[in-house]
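>>> What would the 3D arrangement of this be:
(one chain, ligands or ions: 1)
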Amino acid sequence: MKILEDRIRQDGTVLPGNVLKVDNFLNHQIDPQLMDQMGAEFASHFKNAGITKVLTVESSGIAPAVMAGLHLQVPVIFARKHKSLTLQDNLYTAKVYSYTKQVNNDISIDRRFLSREDRVLIVDDFLANGQAVQGLFDIAETAGITVGGVGVVIEKRFQKGHQMVVDAGVPLVALASIASFADGQVIFAQD
Ligand code: G4P
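Got it, this is the predicted structure:
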């Protein structure tokens, strides 16, 4: 998606450890117009995929997931990383290891919000090592629901997540696909 690649070139900063900082439009401050365009782009790819719900993980996945849900006209569910007063039991839970933060999180979704007829689109901000997506795959399997696709705003093609989704046989759409970082510059994949 050209407008997104241009924004990454303009506002993204490459940090040590192959981390792309995009917190002025995606991870902290959010650009709603850009989010809306990205939601429309996800919807154009998955409009015929029979999607009934969008799934994501808090927190940075929520904005693109909501926009995808808006354009697909389906509900959006975000897995929580912490239990809350209103989220205590009757949960689907999976373990997600964060390489960047080096912590294990349990992610949880209330069982009431998923049923066997559901066909979900998983949306997230970054696809890096694929841990978040794997956690949602695990929940989908436990819940007996089908994953109809994975949509990510930015994938780092050189990390494990891309291949993991391809190997799972699930259609993958990345709105921007980064092949590498060279001398602090972002090199986008050509296809
Ligand atoms: P994953 O995202 O594919 O699961 O891989 P990984 O375990 O490496 O990612 C851990 C966290 O770091 C995730 O956020 C992910 O979105 C984020 N991340 C990975 N690579 C980058 C990057 O290049 N730039 C930025 N800005 N973030 C990256 P999280 O822990 O789920 O946090 P959040 O959603 O609460 O923000």
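>>> helix/strand/coil for the residue positioned nearest the centre of the chain?
Centroid-nearest residue in the chain, with Cα atoms, centre = their mean: residue 124, separated by 1.2 Å. With DSSP: H, G, I helix; E, B strand; the rest coil as the basis, residue 124 sits in strand.
>>> Could you report the pLDDT at it?
Predicted confidence (pLDDT) for residue 124: 98.
>>> for the protein, which spans come out with low pLDDT?
85, 87-88 (pLDDT under 70).
>>> So for the residue nearest to the centre of the chain, what's the nearest residue that isn't a sequence neighbour?
Setting aside the residues directly before and after it, residue 124 is nearest to residue 61 in space (Cβ to Cβ, 6 or more residues apart in numbering), at 4.3 Å. For every residue, glycine as well, the C-beta is placed using N, CA and C.
>>> for that neighbour, what are its contacts?
Applying Cβ atoms under 8 Å, 6 or more residues apart in numbering to residue 61 gives the contacts 78, 123, 124, 125, 132.
>>> For the ligand, state which of those is nearest.
Checking these against the ligand by Cβ to the nearest ligand atom gives residue 132 as the nearest, at 3.7 Å.
>>> just to revisit the earlier point, pretty sure the residue nearest to the centre of the chain is touching residue 55, no?
No: contact status for residue 124 versus residue 55: not in contact, 9.3 Å apart, counting by Cβ atoms under 8 Å.
>>> Now do the phi/psi pair for the residue nearest to residue 124.
Main-chain dihedrals, residue 61, degrees, to the nearest 10: phi -80, psi -20.
>>> Pull the distance from stretch 159-169 to the chain's centre.
Stretch 159-169 sits 13 Å away from the centroid of its parent chain (Cα atoms, centre = their mean, to the nearest Å).
>>> List the buried residues in it.
159, 161, 162, 164, 165 (16 or more other Cβ atoms under 10 Å).
>>> any idea how far the second one lies from residue 67?
Residue 161 sits 21 Å away from residue 67, going by Cβ to Cβ, to the nearest Å.
>>> and if you look at the last one?
Computed with Cβ to Cβ, the distance linking residue 165 and residue 67 is 21 Å.
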